[in-house]
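A.B. asks: Just to be clear, the model below is a prediction. Sequence and coordinates:
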Amino acid sequence: MKNCYFAVDLGATSGRTVIVDFESGKLEMEEINRFSNPILEIGGHSYWDLYALYHNILEGLKMVASRKDIDVRSIGIDTWGVDFVLLGKDGAFLRQPYSYRDRQTEGAPEAYFSRVSRQKVYDITGIQIMDFNSLFQFDTLRRNGDSAWEAADKILFLPDALAYLLTGNAVTEYTIATTAQIVNASTRKLDEEILQTVGLTADDFGTFVYPGTVIGTLTPEVRKITGLGAIPVIAVGGHDTASAVAAVPARHGSFAYLSSGTWSLMGIETEEPVINVSSEAGNFTNEGGVDGKIRFLKNICGMWLLESCRRIWGKVSYQELLEEARVCDPFRSLVNPDDPAFVNPDNMVVAIKEFCHKHGQPVPQIRGQLVRCIFESLALRYREVLDRLRQLSPVQIKELHIIGGGSCNVLLNQFTANATGIPVVAGPAEATAIGNVLVQALADHQAASLTEMRTRLADNLLLARFEPEHRGRWEEAYRHYQQITR
């Protein structure tokens, strides 16, 4: 019988459950179930269907329970950041959670900073300013007199809300809480001064815990539904990027990482937060990591651009799109992936074409040109962020580890090596689920440290390496990109 860890890995477009066996001497992963996670558009607002996610988690647990060859040691849950659920005094959810793509927070930081110093908030939290940060969601709900907000007794971030449904215990996990912009980067606890600015205290949240903490065991109700026993649920890196970064298979500390998915997150690991005038000006963020680390990084709009185009194009494979892009002329059109026009347009294809027209470039006419435009623009944006990161990093950056689903994109990986001028190591694609499980295994005393776990990963994974090519052409393209994006 295999002793396995059960990981719930939820992204902003889909979710899945997997089991991982470490005891065989190799990393053996098996996907149990996969499901969509669409945004619900209702009454002019965008929501997540939390109950559908919970149902699919239960389905995964039932499937595992029916297997006679598996013994589940523990369960861990990770999700995207910032979003949350409001609980009433009776412990019930007051409504489905808003999606961070809901437009009610457009301009929210400016409204908040009319009362509170922007610099003070950054000095305390070290978190980059984005419209949808939980702090600004809190302030928006408060200013709007939101009925659920006014009736709420507790606030739970999404991985903690799902763990609450499984265990009945309310916690606030450190890494996911840092994305909210309410954690003091130095003390690594909820900051009462920041909370007071939106009428909250630490008592309005669950018990504050760190990765590796046992949240509780499955409730009798969940045990009956699934057929499992009193399995412990572990607080992992609740923010999916925290879990993904934990799974970087690095053998040394001189690396940067790029977690590539719907969002691209580029950064380094540090022992202490990096908070200064330059990091604030560059809008870099200091999010909580696993094993006492700080993830000093910057959010970049990643494969969201391509995913949004694919929804318009219908059922076309990634491989087909890559081949179409490969044969198109290089550097024909470039965009700034982080331009506000691409946050949530009605039609991403139209938005890209309009950007190119506005900036006096050839407008992409066919799919391959659009895809090549997206990939080259992303690679050049990565170069731009990496240059700034090098200036702020306390360590020398010798290679870039690309993890997550985007690590399978051979064309973009090569473009990234070309643009940044350093080797790119790609993999694992399943970094988030693996990192989720690594924390469970550490809590289960299967290794002494995260460093030991990473070494084991590097020994067991098949990783791809990309060396920089065509440096002159990419330097010229980068200068053109900088002119466009100023």
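C.D. replies: Cool, got the structure.
A.B. asks: Give me the distance between stretch 198-212 and the centre of its chain.
C.D. replies: From the chain centre to the centre of stretch 198-212 is a distance of 21 Å (CA atoms, centre = their mean, to the nearest Å).
A.B. asks: Show the end-to-end separation of that stretch, please.
C.D. replies: 30 Å (CA to CA, to the nearest Å).
A.B. asks: Show me what counts as buried in that stretch.
C.D. replies: Within stretch 198-212, the residues that qualify as buried are 198, 200, 204, 205, 206, 208, 209, 210, 211, 212, counting by 16 or more other CB atoms under 10 Å. To be clear about C-beta, it is placed using only N, CA and C from the backbone, and glycine gets the same treatment.
A.B. asks: Now secondary structure too, for the residues you listed, in CSV please.
C.D. replies: CSV is the format used below for the buried residues of stretch 198-212 (DSSP: H, G, I helix; E, B strand; the rest coil):
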residue, secondary structure
198, coil
200, coil
204, helix
205, strand
206, coil
208, strand
209, strand
210, coil
211, coil
212, coil
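A.B. asks: Let me know the closest of those residues to residue 346.
C.D. replies: Nearest to residue 346, judged by CB to CB, of the buried residues of stretch 198-212 is residue 198 at 31.2 Å.
A.B. asks: now residue 132: how far from residue 418?
C.D. replies: 32 Å (CB to CB, to the nearest Å).
A.B. asks: In the chain, where is pLDDT below threshold?
C.D. replies: Low-confidence segments of the chain, defined by pLDDT under 70: 23-25.
A.B. asks: Spatially central, which residue of it would that be?
C.D. replies: By CA atoms, centre = their mean, the chain has its centre lying nearest to residue 241, at 4.2 Å.
A.B. asks: Can you give me the neighbour number for residue 419?
C.D. replies: 26 (other CB atoms under 10 Å).
A.B. asks: which strands and helices sit next to the helix or strand where it lies?
C.D. replies: Per DSSP states H and E, residue 419 falls inside helix 410-420. With contacts taken as 3 or more CB pairs under 8 Å, 6 or more residues apart in numbering; DSSP states H and E, helix 410-420 sits against helix 318-326, helix 367-392, strand 399-403, strand 424-426, strand 464-466, helix 471-485.
A.B. asks: Quick one, which of those gets closest to residue 255.
C.D. replies: Using CB to CB, the helices and strands packed on helix 410-420 put strand 399-403 closest to residue 255, at 5.4 Å.
A.B. asks: Can you point out the buried residues in stretch 475-486?
C.D. replies: Residues of stretch 475-486 classed as buried by neighbour count (16+ other CB under 10 Å): 477, 478, 481, 484, 485.
A.B. asks: and what of stretch 77-93?
C.D. replies: For stretch 77-93, a neighbour-count test (16+ other CB under 10 Å) marks 77, 78, 79, 80, 81, 82, 83, 84, 85, 86, 87, 93 as buried.
A.B. asks: cool, and stretch 249-257?
C.D. replies: 249, 250, 255, 256, 257.
A.B. asks: gap between the third one and residue 248?
C.D. replies: As for residue 255, its distance to residue 248 is 7 Å (criterion: CB to CB).
A.B. asks: got any residues that touch both of those two?
C.D. replies: Both residue 255 and residue 248 are in contact with residue 401, where contact means CB atoms under 8 Å, 6 or more residues apart in numbering.
A.B. asks: hmm, back to that, okay, and the residue nearest to the centre of the chain sits in which element?
C.D. replies: In the assignment (DSSP H and E), residue 241 maps to helix 240-246.
A.B. asks: contact partners of the helix or strand just after that helix?
C.D. replies: Note on helix 240-246: by DSSP H and E, the next helix or strand toward the C-terminus is strand 255-260. Applying CB under 8 Å, 6+ apart, the contact partners of strand 255-260 are 241, 244-245, 248, 264-269, 302-303, 382, 386, 389, 393, 397-407, 409, 412, 416, 431-432.
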